[in-house]
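1. Provided below for reference: sequence and predicted model.
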Amino acid sequence: MDIAITGDPLVDCDSYRIAQALGNLVRNAVQHGEGAVGVCARCQEQQVTVEVHNGAAPIPQEAMATLFYPFSRRDEGTTGLGLGLHIVQAIVRAHGGTVGVSSSLKEGTTFEMCWAKAHSRSDDVLWRRGPTPPVTPTP
Ligand SMILES: Nc1ncnc2c1ncn2[C@@H]1O[C@H](COP(=O)(O)OP(=O)(O)OP(=O)(O)O)[C@@H](O)[C@H]1O
Ligand SMILES: [Mg+2]
């Protein structure tokens, strides 16, 4: 896997959830793509962009409109439910950002998450982790 990070990586975000979103994209690149996976994070002054790239046959144009819908799984060879991209989108939207995808035979497939660098966390995010619940000992 090729990983490149540019800029100041100190970013205001829910790191647990952003890591979950990145994990979903990398897992997809490994499961549904071919060849090397590339991860590139660009931390600019105003915004953060994280791209995950893989090769293989492009995602068909007709699948693009529903790709981020829940249960929009296309790959019969895998056992996933088709929720990974929906979760990625929900997490990035909760940060006030956007997720994009480009896919072609020549360039391969790239998913891109982008959000504003500062003050980008939403306080009413359902996804936010609350305090860790106390562990009740079993009798
Ligand atoms: N990087 C990728 N390259 C090619 N196709 C992809 C890629 N990422 C997603 N897809 C296609 O989009 C579909 C939806 O992806 P999504 O992550 O939502 O579900 P999944 O990977 O099938 O299952 P889950 O993520 O719930 O385990 C996949 O089934 C696959 O066909
Ligand atoms: Mg997936």
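-> Now that the structure is in, tell me what you want to look at. Ligands and ions are numbered 1, 2, ... in the order given.
2. wait, does the helix or strand containing Val26 contact ligand 2?
-> Using DSSP states H and E, Val26 sits within helix 15-32. Yes - judged by C-beta under 5 Å from the ion, helix 15-32 comes into contact with ligand 2 at Asn28. The C-beta positions use only the backbone N, C-alpha and C, and glycine is treated the same way.
3. what's next to that helix, contact-wise?
-> Residues from elsewhere that reach helix 15-32, judged by C-beta atoms under 8 Å, 6 or more residues apart in numbering: 1, 37, 39, 50, 52-54, 56, 75, 78, 80, 84-85, 87-88, 91-92, 94-95, 109, 111, 113, 127-129.
4. Could I get the buried residue list for it?
-> For helix 15-32, the buried set under the neighbour-count rule, 16 or more other C-beta atoms under 10 Å, comprises Arg17, Ile18, Ala21, Leu22, Asn24, Leu25, Val26, Asn28, Ala29, His32.
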